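From the sequence below, what's the structure:
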Amino acid sequence: MEHLTKQAFLDKIFNYEANKDWKFEGKLPCIIDFYADWCQPCQMVAPILEELSTEYEGKIDIFKVDTEAEQELAATFGIKSIPSILFCPAEGQPQMAQGALPKDSFKQAIDDILLKPKMN
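Residues are numbered from 1 along each chain as shown. Got it, this is the predicted structure:
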């Protein structure tokens, strides 16, 4: 699991400095976990994301953003509570979920938002 700096985010996810509208730069759909080290619910989510990154290897990427270190990034996405989880499909708009989701909810979101077959 990769920790994103602002520059890595601009390169790999969305260059919000160049584009006003969402334009996904990634190759695989991804989950971005906005977290902080002191956040108890964030610590509950971390092992779930580790498991999912193994289970869905090659299908999705999972990134983490430390909201303490990357305050501008957190502010850009209006992160008010953590954990906040951003689901970014390869096409279409990202969707934000808040709070410590159970593994089943992550799997459902991955299947529904990230891996759902595209409609023609």
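
counting contacts, what elements does the longest helix belonging to the chain pack onto?
As assigned by DSSP state H, the longest helix anywhere in the chain is helix 40-55. Where contact means 3 or more Cβ pairs under 8 Å, 6 or more residues apart in numbering; DSSP states H and E, helix 40-55 is packed against strand 30-35, strand 61-66, helix 103-109. Glycine gets a C-beta too; all of them are placed from N, C-alpha and C.

Now do the buried residues in that helix.
Neighbour counts using 16 or more other Cβ atoms under 10 Å place C42, V45, I48, L49, L52, S53 of helix 40-55 among the buried residues.

Please list the outside residues in contact with it.
With contacts defined as Cβ atoms under 8 Å, 6 or more residues apart in numbering, helix 40-55 is touched by 1, 31, 33, 35-36, 60, 62, 64, 82-83, 85, 99-103, 106-107, 110.

and K6, which of the helices and strands packed on helix 40-55 is closest to it?
With Cβ to Cβ as the criterion, K6 lies closest to strand 61-66 of those, at 9.0 Å.

Quick one: residues in contact with that closest one.
1-4, 9, 12-13, 26-37, 49, 52-53, 56, 73-74.

one more time with 7 Å
The contact list for strand 61-66 (Cβ atoms under 7 Å, 6 or more residues apart in numbering) reads 1-4, 26, 28, 30-36, 49, 52-53, 73-74.

same thing with stretch 79-86?
31-36, 39, 41-42, 45, 67, 77, 94, 96-101.

burial measure for L115, as a count.
Close neighbours of L115, defined as other Cβ atoms under 10 Å, add up to 14.

What sits closest to it if chain neighbours are left out?
Closest residue to L115 apart from its sequence neighbours, by Cβ to Cβ, 6 or more residues apart in numbering: K59 at 6.5 Å.

what do you get for A97?
Residue nearest to A97 in three dimensions, not counting chain neighbours: I85, with 4.6 Å by Cβ to Cβ, 6+ apart.

Retrieve the pLDDT associated with that neighbour.
For I85, the pLDDT comes out at 97.

ok, what's across the strand from it?
Assessed by DSSP bridges, I85 has beta-bridge partners D33, A97.
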